[in-house]
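Undergrad: Attaching a predicted model along with its sequence, questions to come.
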Amino acid sequence: MPPEHDLDPSRPYRRSPQLALRPEPFGALAYHFGNRRLAFLTSPLLVEIVEALDQQPSVEAALTASGVPAARRPAFLRALGDLARSGMIEQVEVAP
């Protein structure tokens with residue numbers, strides 16, 4: 001995974017507690033109350049993945065559980081990387 005994604009797909013992530021998602025026909029509006037960033041999630045499947053991240057042991061597992069085909073995974077990983085950089089999703093620290 002290229003480092004510009006700021007996302008480790010082998011690690012668990014979750015939706016930030018400060019993130020609000022407003023459903024829209026195209027996907028959702030995402031607003032982070034902490035840093036006041038607004039993002040457009042332009043895929044209902046991406047919204048589903050973001051909402052289910054904390055139910056899976058890794059980002060890869062979340063993509064698999066949501067049925068993302070291998071050919072589309074790079075695009076979803078880029079989108080999730082953007083969300084990670086903006087603080088909308090965050091890595092879950094696992095106790096050793």
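TA: Yep, it's here. Residues are numbered from 1 along each chain as shown.
Undergrad: quick one: low-confidence parts of the chain?
TA: Applying pLDDT under 70 to the chain flags residues 1-5, 95.
Undergrad: which residue ranges form the helices in this protein?
TA: Taking DSSP state H, the helices of the chain run over residues 44-52, 59-65, 73-85.
Undergrad: Quick check: buried residues in the second one?
TA: Under the neighbour-count criterion of 16 or more other Cβ atoms under 10 Å, helix 59-65 has 59, 60, 61, 62, 63 buried. Quick note: C-beta positions are derived from backbone N, CA and C, even for glycine.
Undergrad: Show me what that helix is in contact with.
TA: For helix 59-65, the surrounding residues in contact (Cβ atoms under 8 Å, 6 or more residues apart in numbering) are 7-13, 49, 52-53, 55-56, 73, 76-77, 80.
Undergrad: out of those residues, which are buried?
TA: Neighbour counting by 16+ other Cβ under 10 Å classes 7, 8, 9, 12, 13, 49, 53, 56, 76, 77, 80 among the contacts of helix 59-65 as buried.
Undergrad: Format these as CSV; extra columns: distance to residue 90.
TA: Shown next, in CSV, are the buried ones among the contacts of helix 59-65 (distance: Cβ to Cβ, whole Å):
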residue, distance to residue 90
7, 11
8, 12
9, 14
12, 10
13, 6
49, 15
53, 9
56, 15
76, 17
77, 16
80, 11
